[in-house]
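J.: Sequence plus the predicted model coming up.
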Amino acid sequence: MNPSELKDFLDEKVLQYNTLDFIESDPVQIPHLFSLKEDIEIAGFLSATIAWGNRKMIINNSHRMMDLMGNAPFDFVMSHTENDLERLETFVHRTFNGIDFASFIRSLQHIYTNHGGLEAVFSKHQETHSMQKSIHEFKKIFFEIPHQYRTQKHISDPLNNSAAKRINMYLRWMIRQDNKGVDLGIWKSISTASLSCPLDVHSGNVARKLAILTRKQNDGKALSELDLKLREFDAKDPVKYDFALFGLGVFEGF
């Protein structure tokens, strides 16, 4: 396919997969359970954090996280006691355990109490065509209070050459607004043009087959390469092509 045909093909796939039907098999359903802005962003952040592995398990464990917080994540973050955090000790999703969960709750409380909330932290360091420095600065703020060293691995740092797939996916959920109903688009202070594709094994493999990605590793350098190409197709909304790449890989075995 020439560039024009490839763009048309991908645009068609975006329309196919960026629909309400997508929600029922994706962890984006978790923040959709809530209406309060802070509940949405905290639920989204926690479910995106554990979004690796089997998708059904991710969704089930994300629901369990919400249950452990009384299905009121913002209230739990802001008013929890140490006894409340003990309830989280039984939680485990792959390498993310109850210690990590409790640490995340404390860090989220710190961010809402001292830094104006999640949107304020991410918007502060945004760049015109990248959120990667913003993610790096967010991680520094998130872990500036006492925590176990092991918990740091659950937030990737793009400036250490990570593709930061889960946090880029979270930012897509929070920022992108196209009235299709999948992405929530509740953060108005950050431009969709700054978003990056959540690069994982599925989107990476499809991108290579379509010759829009040459680098073999799914790392930060690969993300930069893919971002440049997707911005050629749509500079204002490059991350919409995540639906096409992911859908082709997961649902069509492309």
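T.: Now that the structure is in, tell me what you want to look at.

J.: Quick one: the helices in the stretch 101-250 of the chain, in order.
T.: Secondary structure of the stretch 101-250 of the chain by DSSP state H, counting those that start in this stretch: the helices cover 118-124, 132-142, 165-175, 201-209, 220-233, 241-250.

J.: which one of the ones you listed lies closest to Glu24?
T.: Ranking the helices of the stretch 101-250 of the chain by proximity to Glu24 (CB to CB) places helix 241-250 first, at 13.6 Å. Quick note: C-beta positions are derived from backbone N, CA and C, even for glycine.

J.: picking that back up, can you redo the helices of the stretch 101-250 of the chain as JSON lines with mean pLDDT, mean neighbour count and distance to Asn97?
T.: Formatted as JSON lines, the helices of the stretch 101-250 of the chain follow (pLDDT from 0 to 100; neighbours: other CB atoms under 10 Å; distance: least, CB to CB, whole Å):
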{"stretch": "helix 118-124", "mean pLDDT": "97", "mean neighbour count": "18", "distance to Asn97": "23"}
{"stretch": "helix 132-142", "mean pLDDT": "97", "mean neighbour count": "19", "distance to Asn97": "17"}
{"stretch": "helix 165-175", "mean pLDDT": "98", "mean neighbour count": "25", "distance to Asn97": "17"}
{"stretch": "helix 201-209", "mean pLDDT": "96", "mean neighbour count": "19", "distance to Asn97": "24"}
{"stretch": "helix 220-233", "mean pLDDT": "97", "mean neighbour count": "19", "distance to Asn97": "27"}
{"stretch": "helix 241-250", "mean pLDDT": "96", "mean neighbour count": "23", "distance to Asn97": "27"}
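
J.: Ok, which of these comes nearest Phe91?
T.: Of the helices of the stretch 101-250 of the chain, nearest to Phe91 by CB to CB is helix 165-175, at 17.2 Å.

J.: now the closest one, how far from the centre of its chain.
T.: 3 Å (CA atoms, centre = their mean, to the nearest Å).
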